[in-house]
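**Q** here is the input, now give the coordinates:
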Amino acid sequence: LDGGEKPHDLAPIAELPGSAGSLARGRQQLRLVQVAEMLRAVPSCSPERVTMALHAVDSRTLYCPEARVRALVPFFDFLNHSSCPNARWTMGKSRELSLYATRAIAAGEEVTISYDSICNARLLVTYGFVLAGDGPHRSLDLDVEEGVQLQILGDG
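**A** Model (predicted):
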């Protein structure tokens, strides 16, 4: 985003070619359904406010499949994503949340976690950023229909 767009506006990303654009267009369609559903439940709310709230849920919550819960934890808003994080979080089935250092963290050093092991296209659509360097973000999502043969060729 160049600063003129709102962080929850998927339109600029939806115009991109490839998987990022495709993911953004899919998210836009889902968002329209979600906004309509929320406006039926809370008609006094504006579509813009609902969209902002849904973006906050998408980009600020922790999801724990084991506990089957999505949690908005204010302290975690300060933890940025890294492909090589120095901390990890866990949530137990009883929904207790813990943060553990995975290595020594120097005084003044930023504490980072992994939001998820996802490709840059998904990082861009969900969180609004991409990463450089090695890591799981350098992968590609492929939607392959059944019966289609896919061949991956190496560098040489």
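**Q** excluding its backbone neighbours, what's nearest the most centrally placed residue in the chain?
**A** The chain has T126 as the residue nearest its centroid, 3.6 Å off, counting by C-alpha atoms, centre = their mean. Distance criterion C-beta to C-beta, 6 or more residues apart in numbering; nearest residue to T126, sequence neighbours excluded, is D58 at 5.8 Å. For glycine as for every other residue, the C-beta is placed from the backbone atoms N, C-alpha and C.
**Q** and the next element down the chain from the helix or strand encompassing that neighbour?
**A** Element membership of D58, judged by DSSP states H and E, is helix 47-60. On the C-terminal side of helix 47-60, the closest following helix or strand by DSSP H and E is strand 61-64.
**Q** quick one: buried residues of that next one?
**A** Buried residues in strand 61-64, counting neighbours by 16 or more other C-beta atoms under 10 Å, are found at 62, 64.
**Q** can you give the distance of it from its chain's centre?
**A** The chain centroid and the centroid of strand 61-64 are separated by 10 Å under C-alpha atoms, centre = their mean, to the nearest Å.
**Q** other SSEs contacting that strand?
**A** The contact analysis (3 or more C-beta pairs under 8 Å, 6 or more residues apart in numbering; DSSP states H and E) places strand 61-64 against strand 69-72, strand 87-91.
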